[in-house]
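S.K.: structure for this input, please:
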Amino acid sequence: MTTRIEHLVTSGQFSLDGGTWDVDNNVWIVGDDHEAIVIDAAHDADAIAEAVGDRRLTAIVCTHAHNDHIDAAPALAERTGATIWLHHDDLPLWKQTHPDREPDAWLVDGQTIEVGGADLRVLHTPGHAPGAVCLYDPGLATVFTGDTLFQGGPGATGRSFSHFPTIIDSIRDRLLTLPPATKVLTGHGDATTIGAEAPHLQEWITRGH
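M.R.: As a prediction, the model looks like this:
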């Protein structure tokens with residue numbers, strides 16, 4: 001059965017440190033005709049469930065716990081029986097949005113999430129958030145980067161729980177070491193590749209300071 005990646009854009013709001021912004025989020029569905037996982041259940045559980053269809057949803061994997069990436073996760077889990085996965089370092093952020101419901105399981109650096117022929121390796125990439133992770137599948141030549149790496153540079157580090165030198169270390173050591181042809185599927189905006197972003201590392205460092 002062929003593994004495929006499906007893309008859904010949902011709209012809502014991101015809130016942190018007393019501010020609120022309108023955002024569009026990328027939701028990624030990875031799997032085959034029978035089972036799938038969702039990467040970042042953002043804003044609209046009904047739309048995500050409709051996109052999954054009659055497949056078995058085995059997991060909802062959170063790249064980090066900013067509210068715009070997790071706000072629909074409990075409702076989607078309740079509807080489908082899927083397990084919510086998050087890195088433990090992001091639990092304080094998670095509790096800001098869902099104080100009465102913890103994730104079901106903790107992501108650990110180096111573990112592999114298997115679904116529908118995909119083997120997604122968890123890469124802990126702190127900086128945008130303490131528990132931020134990326135998911136890399138060599139067979140699909142794809143890495144899902146959440147808000148760690150975008151087309152044009154690193155994710156934002158100007159708010160609570162974030163740190164610019166840390167995100168640079170994560171990108172340099174964990175992402176730019178991947179094959180240049182690796183497709184980068186992000187939490188917001190357009191896709192890119194490792195090869196397109198790698199030459200700009202020093203420029204980002206200079207800009208960040």
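S.K.: contacting residues for Gly189?
M.R.: Residues counted as contacts of Gly189 (C-beta atoms under 8 Å, 6 or more residues apart in numbering) are Asn26, Phe150, Gln151. (Glycine included, C-beta is placed from N, CA and C.)
S.K.: same thing but 10 Å
M.R.: Residues in contact with Gly189 (C-beta atoms under 10 Å, 6 or more residues apart in numbering) are Val9, Asp24, Asn25, Asn26, Phe150, Gln151, Gly152.
S.K.: cool, and Ile37?
M.R.: 28-31, 52, 57-61, 82-83, 85, 113-116, 118, 120, 135.
S.K.: looking at those, which are in strands?
M.R.: Under the assignment DSSP state E, the contacts of Ile37 contribute 28-31, 57-61, 83, 85, 113-115, 118, 120, 135 to strands.
S.K.: quick one: pLDDT of Gly208?
M.R.: Note on Gly208: pLDDT of 78.
S.K.: wait, it touches Ile167, no?
M.R.: Yes. Proximity of Gly208 to Ile167 meets the contact threshold set by C-beta atoms under 10 Å, at 8.7 Å.
S.K.: give the burial count for Ile205, as a bare number.
M.R.: Using other C-beta atoms under 10 Å, Ile205 is surrounded by 14 other residues.
S.K.: equivalent analysis for Gly19, please.
M.R.: Residues within reach of Gly19, counting by other C-beta under 10 Å, total 8.
S.K.: quick revisit: mark which of the ones in strands among the contacts of Ile37 are buried, thanks.
M.R.: 28-31, 57-61, 85, 113, 115, 118, 120, 135 (16 or more other C-beta atoms under 10 Å).
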